[in-house]
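Q: Here you go, sequence then predicted model.
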Amino acid sequence: MTGQSELRINRRARGDAARPLRHALSAFMKAKEVEPDSVDDIVTAVGEALANAIEHAYSDGDNGKVELFARLDAGGTVVIEVSDQGAFIERGQRQGRGYGLQIVRRIARWVSIDTSSGTTVSMIFDAPDAESFRDVKAPNLER
């Protein structure tokens, strides 16, 4: 990666919004040669934040928006924000639900949630570029 690159997309917060946002983020990182396993992990975490914004931010019938912002820095860092203008709802644990932010926190190096004006989930990820892995030799596992 050289320099700094940014991606910003706004979509209506509907059930079909997360998929194209995830695909755009994946394509953006791949175009900047982020290592493929890192792309998969980051898209998984960001997908959880997007799903939360789409599912929980707005009451039924509200046509709110969700925004995805991503910045790739030269040092192998990806900064991502998922924002909405809805109301943050703190929910207790529900059977089989409520793991999204736990997943985000396990994958990201740093996570912050700001609920002062809608909700913004800010995440920082380590994302080495594919170039840094090209000369890595696999360990000899034969005995």
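A: Received the coordinates, thanks. Residues are numbered from 1 along each chain as shown.

Q: can we go C-alpha only for contacts and neighbour counts from here?
A: Fine.

Q: List of residues touching the helix or strand where residue 67 lies?
A: According to DSSP states H and E, residue 67 maps onto strand 65-73. Residues outside strand 65-73 that contact it (CA atoms under 8 Å, 6 or more residues apart in numbering): 1-13, 21, 25, 29, 50, 53-54, 78-85.

Q: May I see the buried residues of the lowest-mean-pLDDT helix or strand in the chain?
A: When the helices and strands of the chain are scored by mean pLDDT, DSSP states H and E, helix 100-107 comes last with a mean of 90. Judged by neighbour count (16 or more other CA atoms under 10 Å), helix 100-107 contains these buried residues: 100-101, 103-104, 107.

Q: Which neighbouring elements make contact with that helix?
A: helix 36-56 (3 or more CA pairs under 8 Å, 6 or more residues apart in numbering; DSSP states H and E).

Q: Centre-most residue in this structure?
A: residue 46 (2.2 Å; CA atoms, centre = their mean).

Q: Not counting sequence-adjacent ones, nearest residue to it?
A: residue 104 (7.1 Å; CA to CA, 6 or more residues apart in numbering).

Q: Please, which helix or strand holds residue 9?
A: Here residue 9 is assigned to strand 5-12, by DSSP H and E.

Q: Measure how that strand sits relative to helix 36-56, angle-wise.
A: Counting by axes from the mean of the first three to the mean of the last three CA atoms, to 10 degrees, strand 5-12 lies at 30 degrees to helix 36-56.

Q: Show me the contact partners of stretch 17-33.
A: Stretch 17-33 is contacted by residues 1, 7, 9, 11, 36, 39-40, 43, 46-47, 50-51, 54, 68, 70, 72, 129-131 when judged by CA under 8 Å, 6+ apart.

Q: Any of the residues you listed buried? List them.
A: By 16+ other CA under 10 Å, these give 1, 11, 36, 39, 43, 46-47, 50-51, 54, 68, 70, 72, 129-130 as buried.

Q: now this structure, which segments are flagged as low pLDDT?
A: 1-3, 60-62, 88-98, 130-143 (pLDDT under 70).
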